[in-house]
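In: Structure for the following, please:
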Amino acid sequence: MDLTVIVPTFNEGPNVAELVRRLGAALQGREFEVVFVDDSTDDTPAIIRGVADATDFPVRLIHRDEPDAGLGGAVVEGIRAAQARWCLVMDGDLQHPPEDIPRMIDRAAVGDVDVVVASRYVAGGTAGGLAGATRTVVSRGSTLLTKAMFPRKLHGCSDPMTGFFLLDRETVDLDSLRPRGFKILLEILARRQLRVGEVPFAFATRYAGESKASLTQGIRFLTQLAMLRFGRMSAFALVGGVGAIANLVIMWGLIRLGMDYVPAAIIASEVTIIGNFLLLEYLVFADMRSESGRMRSRFVKSFVFNNIEALIRIPVLSLLVQGAHLPSVFAAGITLVAAFVVRFVFHALWVYAPKRVGAPSPQSALAQASGRTLEG
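Out: The predicted structure is shown next:
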């Protein structure tokens, strides 16, 4: 087998037949397989099976009933299942033209690279398929931010955010990856120094269906970037910062409506405690959830702790306002910052600590939760 083509899909049924047809034409004469890793909630799996029965090259389906780690997790599962050493990752919406794959294979055949990136931003590439000026600006800005945070590992890679790349899977430690959301290439390149080659490609418009890009994916990207660059504690801080801002905005709004600052602070705290827990569940500690018991149990621990913390913090807030004569919102900000480290340690050691036999000690659990800071 020369090549495994990995296609993560989510409700992409209308694109499957055309994608497989064009892959067959582009890779004619080569030994290759196509592996769909599907998280769909519609009839996409049935469509893939039907198309597979009608092709004269191997088309396999891995359907995940309980998807883990989004598109990035699907790609990692596809790489694990691949029969070829070289794995081509592409989207299922035909914005990544199959006709460009032979050029990527030729670039890899030179023998001096571990990854071949199909880039929208190298000479000859275009990003015309991005939906509107806003997405173009966001894409460019995200790329610049990412390259600035990993100047060494991303040196020579003009498009680390692309989902269209060819990878020598023997150069990647799959167990070290912590995928979350869409940007699996960034995860791969940030974890280990790899040799990168590029070919230009024209990012096309979708063949059918709707884009999966959303505000949630943007938040996932920022969380992933923070965790890769600074470790899990920074992602916890990012979520805490969002919660603190929300807390202060809610408190300010209630005070403006005539409420006293103490009940306003209590209401703001309860709302943000619940919101922060959900963000921690699905962004910061997502990879530790399966080993840390039931979600209900984690919520109770987090909710009780944060309320105890609030019972301590709010009287301190009152002392700062009445004793030190600080503005109430500013005083609330000081107390939220002071509570950050205690919250992180509690969630790392008790809320998300593994429950399985042979679980690590609190010290090693904290080390795992903190994450390693990666060199640029």
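
In: what's the burial count for E66?
Out: E66: 6 surrounding residues under other CB atoms under 10 Å. The way it works is simple: take the backbone N, C-alpha and C, and place the C-beta from them, glycine included.

In: for the one 4 residues further on, same thing?
Out: The local packing count at G70 equals 23, with neighbours defined by other CB under 10 Å.

In: so it touches P179, yeah?
Out: Yes: shown here, G70 and P179 form a contact pair, counting by CB atoms under 8 Å, at 7.1 Å.

In: And the strands in the protein?
Out: For the chain, the strands defined by DSSP state E cover 3-9, 32-38, 59-63, 86-89, 115-119, 165-168, 196-200.

In: okay, those in a markdown table with distance to L23 and mean pLDDT next?
Out: Converted to a markdown table, the strands of the chain look like this (distance: least, CB to CB, whole Å; pLDDT from 0 to 100):
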| stretch | distance to L23 | mean pLDDT |
| --- | --- | --- |
| strand 3-9 | 6 | 97 |
| strand 32-38 | 6 | 98 |
| strand 59-63 | 9 | 97 |
| strand 86-89 | 9 | 98 |
| strand 115-119 | 15 | 96 |
| strand 165-168 | 14 | 97 |
| strand 196-200 | 17 | 96 |
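
In: Out of these, the one nearest E77 is which?
Out: strand 32-38 (5.4 Å; CB to CB).

In: So in that sheet, which strands flank the closest one, and in what orientation?
Out: In the sheet, strand 32-38 lines up against strand 3-9 (parallel), strand 59-63 (parallel) (DSSP bridges).

In: With I312 as the reference, name the closest of those.
Out: Among the strands paired with strand 32-38, strand 3-9 sits nearest to I312 (CB to CB), with 45.5 Å.

In: Mind listing what's buried along that closest one?
Out: By 16 or more other CB atoms under 10 Å, the buried positions in strand 3-9 come out as 3-9.

In: how about CSV for those residues, with distance to S139 added?
Out: Output for those, formatted as CSV (distance: CB to CB, whole Å):
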residue, distance to S139
L3, 27
T4, 27
V5, 24
I6, 22
V7, 21
P8, 19
T9, 22
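
In: Nearest to A324 among those?
Out: P8 (54.1 Å).

In: any idea how far F164 is from that closest one?
Out: From P8 across to F164, the span is 12 Å (CB to CB, to the nearest Å).

In: count of neighbours near the nearest residue to V342 once chain neighbours are set aside?
Out: Leaving aside its sequence neighbours, V342 sits nearest to E309 (CB to CB, 6 or more residues apart in numbering; 7.0 Å). Using other CB under 10 Å, E309 is surrounded by 17 other residues.

In: now do A244
Out: Neighbours around A244, by other CB under 10 Å: 20.

In: Identify the residues contacting it.
Out: Going by CB atoms under 8 Å, 6 or more residues apart in numbering, A244 touches 272, 333, 336-337.

In: Tell me the confidence at it?
Out: For A244, the model assigns a pLDDT of 83.

In: Tell me the pLDDT of T223.
Out: 70.

In: Give me the nearest residue to it, chain neighbours excluded.
Out: T223 sits nearest to L283 (CB to CB, 6+ apart), 4.5 Å away.

In: Please report the distance of that neighbour from I334.
Out: Remark: distance between L283 and I334 (CB to CB) = 26 Å.

In: before we move on, what about S290?
Out: Taking CB to CB, one finds S290 at 37 Å from I334.

In: What separation do you get for the residue nearest to T223 and M295?
Out: The value you get for L283 to M295, if CB to CB is used, is 14 Å.

In: Quick check on the two: which one has the bigger neighbour count.
Out: Using other CB under 10 Å as the criterion, L283 and M295 rank with L283 on top: 22 against 11.

In: Does the more buried one touch A235 like I think?
Out: Yes: counting by CB under 8 Å, L283 does reach A235; the two are 6.8 Å apart.

In: what is in contact with the two at once?
Out: What both L283 and A235 touch, as defined by CB under 8 Å, 6+ apart, is the set T223.

In: what bits of the stretch 201-350 of the chain have low per-residue confidence?
Out: By pLDDT under 70, the weakly predicted segments of the stretch 201-350 of the chain are 206-220, 222, 224, 227-233, 341, 345, 349.

In: check contacts around the closest residue to A264 other than its chain neighbours.
Out: Of all residues not flanking A264 in the chain, L254 sits nearest, at 3.8 Å (CB to CB, 6+ apart). L254 is in contact with 263-264, 267-268, counting by CB under 8 Å, 6+ apart.

In: Closest one to F36 out of the residues you listed, please.
Out: A268 (45.8 Å).

In: Just to check, that closest one is in contact with N247?
Out: Yes: between A268 and N247 there is a contact under CB under 8 Å: 4.6 Å.
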